[in-house]
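1. here's my sequence, what's the structure:
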Amino acid sequence: MTDESWAGWYRDRQGSDAVILTTDGQQLRLRIRGVDFEGESFDGLRPVAGTPDQGEMFALADGVLNDCVLEWD
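-> This next block holds a predicted model:
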């Protein structure tokens, strides 16, 4: 299967950022503020291994992206 992509927005307490959501049919991938996230579902988006500590940049719960809104067309 070829990758599919959608343009969208990421919103959290820091503001809004334009993003591109990509999937290969198994993994979702997203880059937010220069940090790559991936997961098998929207509830499982985690910073990619080897990503420096993000501190206050994102709300993470058990390492998973949390307390945000993702929108796309």
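2. what's the burial count for residue 30?
-> The number of residues packed near residue 30 is 21, by other Cβ atoms under 10 Å. (Each C-beta comes from the backbone N, C-alpha and C, glycine too.)
3. hmm, it is touching residue 22, no?
-> Yes - between residue 30 and residue 22 a contact is recorded at 7.4 Å, counting by Cβ atoms under 8 Å.
4. does anything pack onto the helix or strand in which residue 37 is found? Which helices or strands?
-> Element membership of residue 37, judged by DSSP states H and E, is strand 35-39. Applying 3 or more Cβ pairs under 8 Å, 6 or more residues apart in numbering; DSSP states H and E, one finds that strand 35-39 contacts strand 28-32, strand 46-47.
5. make CSV from those strands and add distance to residue 70 to it.
-> Formatted as CSV, the helices and strands packed on strand 35-39 follow (distance: least, Cβ to Cβ, whole Å):
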stretch, distance to residue 70
strand 28-32, 8
strand 46-47, 14
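6. using TSV, lay out those together with distance to residue 67 and mean pLDDT.
-> Output for these, formatted as TSV (distance: least, Cβ to Cβ, whole Å; pLDDT from 0 to 100):
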stretch	distance to residue 67	mean pLDDT
strand 28-32	13	95
strand 46-47	15	92
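7. just to revisit the earlier point, show me what the mean pLDDT comes to for the strand holding residue 37.
-> Averaging pLDDT along strand 35-39 yields 95.
8. sweet, I'm off.
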